[in-house]
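1. What would the 3D arrangement of this be:
(2 chains)
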Amino acid sequence: MRAALYGAFLLALVPMQATILHYLGLGGVRPDLVLVSVCLIGFFRGELEGFLAGLLLGFAQDLLSAGDLWFNLTAKSGIGLLAGLAGRQVAHVTAAVMLAGLFIISCCSGVLFLFLARTGDLAAVALAVRSVLVPQAVFDALLGAGVYWVLEERVRDRWVLAE
Amino acid sequence: MWMAIFRSTYGTRRLAIVLFALLLSVLFLLPGQIHLLLQYLGGPVGQVLGVPLAALSAVDRGLAELWDGYVALQHVREENEVLRKEIEELRGQNSQLREAAAATQRLAALLEFKRKGAPHTLAAQVIGRDATNWYRAVLLNKGEADGVRPEMGVITPAGVVGRVVKTTNSSSVVLLITDPNNAIPGLIQRTRDEGIVEGTAEGGVRLKYIPLLSTVRAGDRVVTSGLTGGFPRGLMIGAVTSIEKEEGALFQSAEILPEVDVSKLEEVLVITAPYGNTDASAEDLLPSRPAAKGTP
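-> Next comes the predicted model:
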């Protein structure tokens, strides 16, 4: 039952991002549900699950986006893997740690996109950083930390955390 | 404070790293093949995604209707005033158009040509927006199964919306005219000068590469030039709002106010064949005449 719910959640995540999430957006920018989810999955469930979730969700995101078919697939699977590796190194997990971690990861993902987009126009890059990259990173960090804060008790009991 | 102890073992960590390295290697070494493979896999994955996408877009429409029907009612009075004025103007235009319609009977042959040459379109509903924040794109509820293919033009009765860049079996992604990655050949209707219509980083639209000697001015209408496959000639793109001429530049450019408000799209038309039935012969285009009796 839990596996079915988990599967349904993963399946609905990208369509949710493409449809109803714009109600949460500010200035046309929405949080990246896939990035946040993959980070949390990688962080708490380990590298392999983070990598596989990133691979699947990234591909789904690529299918429903105007970009190339490989960018999110690669970026999100890498993020899942890195989140899993980082999770091993973090001794004290708090909502503040999640906030900072997700902000940095989201910024890195945005920088990678802008670098690969090879936009020669520096003014356009500056505008993209100001109007998309930073607001999205703030959104992602707040959402991830909020989800972690809400689920903290469950995570501690069920997933793997010990005193 | 507590410490994280994870289930992952050293083996799974190594496996994940190896798989990721393999993925990167394949992407770098075989980009063409991996692209084909991803396109192939996109079919079934897109079909699976189509189910929650359709359900959630129905929820989205319901929420939008709720918003339009109740919450946004406070603006209805002002909107009514504006609409009333528009109706008055349109009544005046309507009588002029009746006159014009009478004149078109003389142009039956041209009308016939227009009917045969009109683009074939397919109506589609906008069911979502790009799944990332990096592109200005919308999702349509029609895909390959309905005959939608990449590079097809997308319009509304008002004008150009964008072009299809990606399709799955049941949905397609349309890159809007306001996206900087979009480029559509345009034509200034009055001067007949051609240029390239591109989106801007700010979300506007710009006509680039206008010849320096062009007499383009604010208010000029810009239409599609028909040079690419997706659009026939003459579809409205927008009106010029300002012109930019840089010292020493080879071309000038112009800001355009798009005719279609792409932030409020609900239904669109996908151009499946820009020139409709193009195999019509010249004789087909002439008005049909009954054979006169008794003529030699």
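2. what number of residues lie near whatever residue of the stretch 151-296 of chain B ends up closest to chain A?
-> At 4.1 Å from chain A, residue B:201 is the closest residue in the stretch 151-296 of chain B, using Cβ to the nearest Cβ. To be clear about C-beta, it is placed using only N, CA and C from the backbone, and glycine gets the same treatment. Neighbour count of residue B:201, defined by other Cβ atoms under 10 Å in any protein chain shown: 18.
3. and if you look at residue B:222?
-> The number of residues packed near residue B:222 is 30, by other Cβ under 10 Å.
4. Bridged to it, which residues?
-> Counting by DSSP bridges, residue B:222 forms beta bridges with residue B:188, residue B:238.
5. That one is in contact with residue B:255, isn't it?
-> No: using Cβ atoms under 8 Å, residue B:222 is not in contact with residue B:255, being 10.6 Å away.
6. which neighbours do the two share?
-> Overlap between the contact sets of residue B:222 and residue B:255, as judged by Cβ atoms under 8 Å, 6 or more residues apart in numbering or on different chains, is given by residue B:240.
7. Next up, phi/psi of the residue in chain A positioned nearest to chain B, please.
-> Using Cβ to the nearest Cβ, the closest approach of chain A to chain B is made by residue A:46 at 3.0 Å. With angles defined as degrees, to the nearest 10, residue A:46 sits at phi 100, psi 170.
8. how many neighbours does it have?
-> Neighbours of residue A:46 (other Cβ under 10 Å): 25.
9. With residue B:215 instead?
-> Neighbour tally, residue B:215, other Cβ under 10 Å: 10.
10. how about the nearest residue to residue A:96, chain neighbours excluded?
-> Nearest non-adjacent residue to residue A:96, counting by Cβ to Cβ, 6 or more residues apart in numbering or on different chains: residue A:145, 7.3 Å away.
11. pLDDT at the residue nearest to the spatial centre of chain A, what is it?
-> Nearest residue to the geometric centre of chain A (Cα atoms, centre = their mean): residue A:35, 1.4 Å. Confidence at residue A:35, expressed as pLDDT, is 95.
12. tell me the phi and psi of it?
-> Backbone geometry at residue A:35, expressed as degrees, to the nearest 10, gives phi -60, psi -50.
13. Could you pull out the strands in chain A for me?
-> Counting by DSSP state E, residue ranges of the strands within chain A are A:161-162.
14. so where's it uncertain?
-> A:153-163 (pLDDT under 70).
15. The residue of chain A closest to chain B touches residue B:11, doesn't it?
-> No: using Cβ under 8 Å, residue A:46 is not in contact with residue B:11, being 10.9 Å away.
16. Can you pull out the residues in contact with the lengthiest helix in chain A?
-> Among the segments of chain A that qualify as a helix by DSSP state H, the longest is helix A:95-117. Helix A:95-117 is contacted from outside by A:32, A:35-36, A:39-40, A:43, A:71, A:75, A:79, A:82-83, A:86, A:90, A:125, A:128-129, A:132-134, A:136-138, A:140-146, A:148-149, A:152, B:134, using Cβ under 8 Å, 6+ apart.
17. if you set the cut-off to 6 Å instead, what comes out?
-> A:35, A:39, A:75, A:79, A:125, A:133, A:137, A:140-141, A:144-145, A:148-149, B:134 (Cβ atoms under 6 Å, 6 or more residues apart in numbering or on different chains).
18. repeat for stretch B:30-46
-> A:63, A:69, B:26-27, B:168-169.
19. Same check on stretch B:228-247?
-> B:119, B:151-153, B:155, B:159-160, B:163, B:185-186, B:197, B:216, B:218, B:220-224, B:226, B:252-259, B:274-275.
20. Where does pLDDT dip in the stretch 151-296 of chain B?
-> B:229, B:276-296.
21. could you dump stretch A:9-25 to CSV, C-alpha only?
-> Output of stretch A:9-25 as CSV, limited to C-alpha atoms (Å, rounded to 0.1, in the frame of the first residue of the first chain):
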residue,chain,number,x,y,z
PHE,A,9,3.0,10.5,-5.6
LEU,A,10,6.0,10.2,-8.0
LEU,A,11,3.7,9.8,-11.0
ALA,A,12,1.6,12.9,-10.1
LEU,A,13,4.6,15.1,-9.2
VAL,A,14,5.5,16.4,-12.7
PRO,A,15,1.9,16.8,-13.9
MET,A,16,1.3,18.7,-10.7
GLN,A,17,4.3,20.9,-11.5
ALA,A,18,2.9,21.6,-14.9
THR,A,19,-0.7,22.3,-14.0
ILE,A,20,-1.9,23.4,-10.6
LEU,A,21,1.4,24.6,-9.1
HIS,A,22,1.2,28.0,-10.8
TYR,A,23,-1.2,29.1,-8.1
LEU,A,24,1.8,29.0,-5.7
GLY,A,25,4.0,30.9,-8.2
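22. could you give me the average pLDDT of the helix or strand where residue B:37 lies?
-> For residue B:37, the element it lies in under DSSP states H and E is helix B:31-69. Helix B:31-69 comes out with an average pLDDT of 86.
23. Buried ones in it, by neighbour count?
-> Using 16 or more other Cβ atoms under 10 Å in any protein chain shown as the test for burial, helix B:31-69 gives B:34, B:38, B:42, B:45-46, B:49-50, B:52-53, B:56-57, B:60.
24. Please apply the same query to stretch B:254-266.
-> B:254-256, B:258-260, B:262, B:265.
25. same check, this time on stretch B:139-151
-> By neighbour count with 16+ other Cβ under 10 Å, stretch B:139-151 contains the buried residues B:139-144, B:146, B:148.
26. Any idea how many residues pack against residue B:242?
-> 12.
27. actually residue B:238, not the one I typed
-> Using other Cβ under 10 Å, residue B:238 has 25 neighbouring residues.
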